[in-house]
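S.K.: Just need the structure, nothing else, for what follows:
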Amino acid sequence: GTLEYVVVEYSGLEVAPEKELNGITFGGVGSGTTVSYVQVHEGQDDGFEWFGGTVDGDHLIATAQGDDGFDVDVGFTGSIEYALNVQDDASNSGIEAGDKAFEGFNTEVNFSKVTIVDNEEEKDASLNIKANVEVNIDGLLMVGSTSGEGNVPAGLLVNDESKDNISITNGYYTGAFGSVESENVAGTLMEVADAVMADGFTAKADSDAADYAAVK
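M.R.: As a prediction, this is how the structure comes out:
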């Protein structure tokens, strides 16, 4: 199948307390499906969620979602390239990954060229990496994330005690941006660009990649 140049707005239905439908849910979708240039805006739950399957995606945008921007779980294996998440005050994580293994198959996902504009809520994390998952991110910009600690990127939460199930290369983050207006996504992104250019990037060079990726 093909899903291209699609916008899903104001989706979601609470089917049980704290159980809402996602903007788009991929349930066991295979690699023969094309998913490109898709936006989910202001849904009640996750923007995109993958339960198992092997479908790749590119040029995906999640804005002002009620929960996570991109959620991968239950043995999903695939790649997501060019992903943008702009949060509002109701949003949680930009990327949530893992927790449930499926018959021994862990979730393995490769992200590349990802931008997360955080809502700066201390209870949330730009990246929420759980158990039973391996996450590789090449090219990450986190804007407005809460403060990091040492080599830990701002807004990163790792729930797996091994802490070796996430690898980040070419990662940058800045806390310069402080507000997100879901009603004006284009204007918000222009403000983000201005703030990042003014503040500069806090970068981890390749020589620091081992510490950066291990989240010590």
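S.K.: Kindly provide the distance from residue 126 to residue 136.
M.R.: According to Cβ to Cβ, to the nearest Å, residue 126 stands 16 Å off from residue 136. (C-beta placed from N, C-alpha, C; glycine too.)
S.K.: Could you do residue 106 as well?
M.R.: For residue 106 relative to residue 136 (Cβ to Cβ), the value is 13 Å.
S.K.: rewinding a little: and residue 126 and residue 136? Which one has more around it.
M.R.: Neighbour count, other Cβ atoms under 10 Å: between residue 126 and residue 136, residue 126 has more, with 29 against 16.
S.K.: Run a quick check on the more buried one versus residue 118, I expect a contact.
M.R.: Yes. Counting by Cβ atoms under 8 Å, residue 118 is a contact partner of residue 126 at 4.9 Å.
S.K.: Quick check: mean pLDDT of stretch 72-87?
M.R.: Averaging pLDDT along stretch 72-87 gives 92.
S.K.: Equivalent analysis for stretch 7-22, please.
M.R.: 84.
S.K.: can you list contacts of it?
M.R.: With contact meaning Cβ atoms under 8 Å, 6 or more residues apart in numbering, stretch 7-22 is reached by 23-24, 38-49, 66-67, 71.
S.K.: Just the ones in strands from the residues you listed, please.
M.R.: Among the contacts of stretch 7-22, DSSP state E puts 24, 38, 39, 40, 41, 48, 49, 71 in strands.
S.K.: from those residues, which would you call buried?
M.R.: For the ones in strands among the contacts of stretch 7-22, a burial check counting by 16 or more other Cβ atoms under 10 Å picks out 24, 38, 39, 40, 41, 48, 49, 71.
S.K.: List just the nearest of the residues you listed to residue 59.
M.R.: residue 38 (7.4 Å; Cβ to Cβ).
S.K.: Kindly check the end-to-end length of stretch 66-81 for me.
M.R.: Start-to-end span of stretch 66-81 (Cα to Cα, to the nearest Å) is 22 Å.
S.K.: what do you get for stretch 11-18?
M.R.: 15 Å.
S.K.: Flag every buried residue along that stretch.
M.R.: For stretch 11-18, by 16+ other Cβ under 10 Å, it's 11, 12.
S.K.: quick one: residue 139 and residue 170 touch, right?
M.R.: Yes. Using Cβ under 8 Å, residue 139 is in contact with residue 170, at 4.8 Å.
S.K.: partner residues bridging residue 35?
M.R.: Under DSSP bridges, the beta-bridge partners of residue 35 are residue 3.
S.K.: mind listing what it touches?
M.R.: Going by Cβ under 8 Å, 6+ apart, the list of residues near residue 35 reads 3, 4, 26, 55, 56, 57, 58, 60.
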